[in-house]
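Participant: pasting the sequence and the predicted model now:
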Amino acid sequence: MSTRLVVLISGNGSNLQAILDAIYYKMLDAQVVGVISNRKDAYGLARAAKVKVPTRYLPLAPYTADGRGREAYDADLAAAVREFKPDFVVLAGWMHILSPAFLDHFGYRVINLHPALPGQFPGAHAIADAYAAFQRGEIKQTGVMVHLVPDAAVDAGPIIASEEVRIDPRDPLESLTSRIHNVEHKLLIQALRRLIQGDE
Ligand code: GAR
């Protein structure tokens, strides 16, 4: 039986698409059994629906509005993910930090993709932060990493795969961004293959 993946998204879902394509072309022995978004208008929801993958929309706002808070949200999110009985949970552009109320349900089975090298530029604006650091002469390259999420540390954990991306002085931010996304689409699949199939 192929490995069951639940993918958490917040936006465009181009990395979700890379996973769906890799599965379709038999580059990855897995199935996406569910996609959950914290944003209603995330385009990734449409990408999933197009190939008949079940989706759920679970916003944080009602939990903060009525005082139930982040932990209750994470517990409900964990319950929603568990309904899909995943082997792995993939954070592909998921823009929330997950607390132990979520992570404790999944051991070392949560995987995060982040558009920076290990230890650099955590958070939601990694590409722009790296670009600014380059302009200041602090770095010559940035990159992409895929790592396990054992705890609530932001964009940190045991590395499954990482790749450097050179910054060209003539690169506008947009072209660096698109080069990074291209690397992500490839590296995420490599990392999942490594994890699922033991590939080098
Ligand atoms: C990707 O660049 C991913 O690495 C980043 O969000 C983007 C989602 O793109 N994640 C983070 O910054 C996590 N801190 P996508 O929706 O097109 O896959």
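Facilitator: Perfect, thanks for sending it. Residues are numbered from 1 along each chain as shown.
Participant: which of the three states applies to the closest residue to the ligand within the chain?
Facilitator: Residue nearest to the ligand within the chain (Cβ to the nearest ligand atom): Gly93, separated by 2.5 Å. Using the backbone N, CA and C atoms, a C-beta is placed for each residue, glycine as well. At Gly93, secondary structure determined by DSSP: H, G, I helix; E, B strand; the rest coil is coil.
Participant: Val6 too?
Facilitator: Under three-state DSSP, Val6 comes out as strand.
Participant: skipping its backbone neighbours, what lies nearest it in space?
Facilitator: Pro86 (4.0 Å; Cβ to Cβ, 6 or more residues apart in numbering).
Participant: just to check, the one you found is in contact with Ser2?
Facilitator: No: the criterion here is Cβ atoms under 8 Å, and Pro86 misses it with Ser2 at 12.0 Å.
Participant: settle it for me: which of those two has more neighbours?
Facilitator: Set side by side, Pro86 and Ser2 show more neighbours around Pro86, with 21 against 12, by other Cβ atoms under 10 Å.
Participant: mean confidence score for the longest helix along the chain?
Facilitator: Ordering each helix of the chain by length in residues (DSSP state H) puts helix 173-197 first. The predicted model assigns helix 173-197 a mean pLDDT of 97.
Participant: how about the helices in the chain?
Facilitator: Going by DSSP H, the chain shows helices at 14-24, 43-50, 61-65, 69-82, 100-103, 126-135, 173-197.
Participant: which parts of the third one are buried?
Facilitator: By that I understand helix 61-65. Tyr63 (16 or more other Cβ atoms under 10 Å).
Participant: which other residues reach that helix?
Facilitator: Here helix 61-65 makes contact (Cβ atoms under 8 Å, 6 or more residues apart in numbering) with Arg68, Gly69, Arg70, Ala72, Tyr73, Asp76.
Participant: go on, the last one?
Facilitator: Judged by Cβ under 8 Å, 6+ apart, the contacts made with helix 173-197 from elsewhere in the structure are 3, 5, 14-15, 17-19, 22, 27-30, 87-88, 90, 92, 111, 113, 115, 127-128, 130-131, 142-146, 160-163, 165, 167-168, 171, 199-200.
Participant: narrow those residues to those that are buried.
Facilitator: Buried among the contacts of helix 173-197 by 16+ other Cβ under 10 Å: 3, 5, 14-15, 17-19, 22, 28, 30, 87-88, 90, 92, 111, 113, 115, 127, 130-131, 142-146, 160-162, 165, 167.
Participant: hang on, the earlier thing: show me the contacts for the residue of the chain closest to the ligand.
Facilitator: So Gly93 contacts Ile9, Ser10, Gly11, Asn12, Gly13, Ser14, Asn15, Leu16, Gly44, Leu113 (Cβ under 8 Å, 6+ apart).
Participant: that concludes my questions; thank you for your assistance.
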